[in-house]
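Undergrad: Requesting a structural model of the entry that follows:
(2 chains)
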2 protein chains.
Amino acid sequence: MIETRLTKFFDIEFPILQAPMAFAAGGALASAVTQAGGLGFIGGGYGDAAWLKQEFKAAGNTHIGCGFITWSLAKQPELLTQALEKSPKAIFLSFGNPAPFVSEIKAAGVPLICQVQTLKDAKHAIASGADIIVAQGAEAGGHGEKRATFTLVPEVADYIANAAPEVLLVAAGGIADGRGLAAGLMLGADGVLVGSRFWAAKEALVHPAVLKAAIGASGDDTLRTSVIDIVRGRDWEERYDCRVLDNRFTAEWHGNEAGLKNDKAAHEKWQQAALDGNPAIANGIVGEAVGLIHDIVPAKDIVRQMVEQAKTSLKRY
Amino acid sequence: MIETRLTKFFDIEFPILQAPMAFAAGGALASAVTQAGGLGFIGGGYGDAAWLKQEFKAAGNTHIGCGFITWSLAKQPELLTQALEKSPKAIFLSFGNPAPFVSEIKAAGVPLICQVQTLKDAKHAIASGADIIVAQGAEAGGHGEKRATFTLVPEVADYIANAAPEVLLVAAGGIADGRGLAAGLMLGADGVLVGSRFWAAKEALVHPAVLKAAIGASGDDTLRTSVIDIVRGRDWEERYDCRVLDNRFTAEWHGNEAGLKNDKAAHEKWQQAALDGNPAIANGIVGEAVGLIHDIVPAKDIVRQMVEQAKTSLKRY
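TA: Okay, the predicted model is just below:
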């Protein structure tokens, strides 16, 4: 038990949310995290009704939440309705304007979590009606922006304390162990969001060969790039890029995005490698915290170890 | 009193080091930080024998350290000899290969602090003989690299614990208040290095108009750029850029570095603005933590407030 405003809000044991990682976070992972005392999320990602249905089913009766990439959800808003029918513990919106979805979420009586990357976006999300702000630093895996967890969290905490003290705050980006959990709480967050560490959980939907490449890597080996969005044909705003594990493919193409846009054969090569699980070409989507991850274990062990290490760290001073 | 390996090593009250910021950190600031219970450093920067002499004199008999930009020190290594004659508490080397300077520093019986930005450079600094590693994240003001404090610190901590447990570790980048101090300790550091917050201390050598512009800014308003190195004719390796407060000048030139290199009039305009203290053109050299800084106060108040807030934060859990 580590009691914070977040654990009370969701009636959970530990202030640990699992990031709704597109493709990687299905029902098995989400339910395992919840059963371990945190709160798990299905990664609705770009949006796929059949996949969403399947993964809610895989989660069974466990209480979980569901996340979406906001700008992509705007193209098929019916997926929000589909998710809300499953009575999720929360809806988690990232990357885009949450405002158009707020009324439907509130009408369903479901809490709204908004992930933001700047103070400016935090203000907008709070004004739009977010119940919980996830302040995500650029050390995070996957999509994000430029600011760092270490400064974004306390700056948003100060804003919340002055302008909207009822709003909860969660730290995201770079948190993979108990030290990160303890540090997030010290910075003023009510809890943490964990991505990469759960990406390397036994229950995550990630190819074993890609996981194996990540286990041996340092945080030095990741970079933020738009290369993998180009090869996947994902239409992200320029302000967002994606942190991945560097490999032969990004070494070749990062910095030559214009050339890559016109090289369809390279796109197909990457896509095939993703299906085959070839980490020399298809990049693992993982954050700087990869340097703190050395094994692939069940989500319940991850939660237990994080909590124990956080308690030990907090007791030291 | 917050006792850590760092406070014992230097026989100081609080595990707070003041960053040896080029131009901004003179003897008055360094001695004020030491007198407040931390450890202050003169920012030897690019190297200027007369300035160094003057600032050591300004520090009086207070115990302080001295920092240098390593690649610049290599051009005038006699400055190291000059600094060592003042019996500094430590020599602090950043940005470049420390190895050529280790034997002279060790022969003088002075501890060597090496600031690094990657795990790879931490390993090199330790192999070269560093007594203390400062792991600096990209949220820091001034020069740096890409990795974030939140992941770099624990990853270096793990390496030190396994490979060189006698080496001390200090967290840098984004630390401006007691929450940051507490978070740094949680991440496994023995103490913290504080730049921007002391840059905005009464004793710092920064133009009041530039300080005033910073006080009103958010961390959203900073960026990493090479623009100010181009206009100052500073020959930095490409891997290092410099976080500054965005303004009209960087809005115009960031992204057009090639054009700026050939526009000598723009260089002169920036340099004149730096002398005049015109923050619309000459950028404040400050980190993302600027969003946590709202006043210009004596260094002793900064230290006292950091310690009090850290203790309060640590007691909460």
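
Undergrad: Could I get the contacting residues of A:D246?
TA: A:221-223, A:283 (Cβ atoms under 8 Å, 6 or more residues apart in numbering or on different chains). C-beta coordinates here come from the backbone N, C-alpha and C atoms, glycine included.

Undergrad: near chain B too, which of these?
TA: A:L223 (Cβ under 8 Å from any Cβ of the partner chain).

Undergrad: Could you export the contacts of A:D246 as a markdown table, including pLDDT?
TA: Output for the contacts of A:D246, formatted as a markdown table (pLDDT from 0 to 100):
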| residue | pLDDT |
| --- | --- |
| A:D221 | 98 |
| A:T222 | 98 |
| A:L223 | 98 |
| A:N283 | 97 |
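
Undergrad: Can you tell me which of the contacts of A:D246 lies closest to B:S313?
TA: A:T222 (29.3 Å; Cβ to Cβ).

Undergrad: The closest one against A:N247, yeah?
TA: No. Counting by Cβ atoms under 8 Å, A:T222 does not reach A:N247; the two are 10.4 Å apart.

Undergrad: The two: which is more packed in?
TA: Legend: neighbour count by other Cβ atoms under 10 Å in any protein chain shown for A:T222 and A:N247, higher for A:T222 (29 against 20).

Undergrad: On the strand side of things, show who that one bridges to.
TA: Beta-bridge pairing of A:T222 under DSSP bridges involves A:L245.

Undergrad: For it, give me its contacts.
TA: A:141, A:243-246, A:286-288, A:290.

Undergrad: In those residues, which residue is surrounded by the most others?
TA: For the contacts of A:T222, counting by other Cβ under 10 Å, the largest number of neighbours falls to A:G287: 35 neighbours.

Undergrad: Just give the nearest non-adjacent residue to that one, would you?
TA: Closest residue to A:G287 apart from its sequence neighbours, by Cβ to Cβ, 6 or more residues apart in numbering or on different chains: A:G141 at 3.3 Å.

Undergrad: before we move on, the earlier item: can you go through the contacts of A:D246 and name the buried ones?
TA: Burial by neighbour count, 16 or more other Cβ atoms under 10 Å in any protein chain shown: within these this picks out A:221-223, A:283.

Undergrad: so what secondary structure elements neighbour the top helix by length along chain A?
TA: Longest helix in chain A, counting residues (DSSP state H): helix A:299-316. Helix A:299-316 sits against strand A:16-18, helix A:27-35, helix A:178-186, helix A:196-199, helix B:178-186, with contacts defined as 3 or more Cβ pairs under 8 Å, 6 or more residues apart in numbering or on different chains; DSSP states H and E.

Undergrad: distance between it and the chain's centre?
TA: Taking Cα atoms, centre = their mean, to the nearest Å, one finds the center of helix A:299-316 at 20 Å from the center of the full chain.

Undergrad: burial count for A:A99?
TA: Neighbours of A:A99 using other Cβ under 10 Å come to 15.

Undergrad: Phi and psi next, for it.
TA: phi -50, psi -40 (degrees, to the nearest 10).

Undergrad: Need the per-residue pLDDT for it.
TA: A:A99 is assigned a pLDDT of 98 by the prediction.

Undergrad: Report the contact partners of it.
TA: Contacts of A:A99 by Cβ under 8 Å, 6+ apart are A:124, A:128-129.

Undergrad: Just want the angle from the longest helix of chain A to helix B:299-316.
TA: When axes from the mean of the first three to the mean of the last three Cα atoms, to 10 degrees is applied, the directions of helix A:299-316 and helix B:299-316 differ by 130 degrees.

Undergrad: pull the CA atoms of helix A:299-316 into PDB?
TA: C-alpha atoms of helix A:299-316 as PDB (Å, rounded to 0.1, in the frame of the first residue of the first chain):
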ATOM      1  CA  ALA A 299       3.400  -7.700 -14.800                       C
ATOM      2  CA  LYS A 300       2.600  -8.700 -11.200                       C
ATOM      3  CA  ASP A 301       6.400  -9.100 -10.500                       C
ATOM      4  CA  ILE A 302       7.000  -5.700 -12.000                       C
ATOM      5  CA  VAL A 303       4.500  -4.000  -9.800                       C
ATOM      6  CA  ARG A 304       5.700  -5.800  -6.700                       C
ATOM      7  CA  GLN A 305       9.300  -4.900  -7.300                       C
ATOM      8  CA  MET A 306       8.500  -1.300  -8.100                       C
ATOM      9  CA  VAL A 307       6.600  -0.900  -4.900                       C
ATOM     10  CA  GLU A 308       9.300  -2.600  -2.700                       C
ATOM     11  CA  GLN A 309      12.100  -0.600  -4.200                       C
ATOM     12  CA  ALA A 310      10.100   2.700  -3.900                       C
ATOM     13  CA  LYS A 311       9.500   2.000  -0.200                       C
ATOM     14  CA  THR A 312      13.100   1.200   0.400                       C
ATOM     15  CA  SER A 313      14.200   4.400  -1.400                       C
ATOM     16  CA  LEU A 314      11.700   6.500   0.500                       C
ATOM     17  CA  LYS A 315      12.800   5.100   3.900                       C
ATOM     18  CA  ARG A 316      16.400   6.000   3.300                       C
END
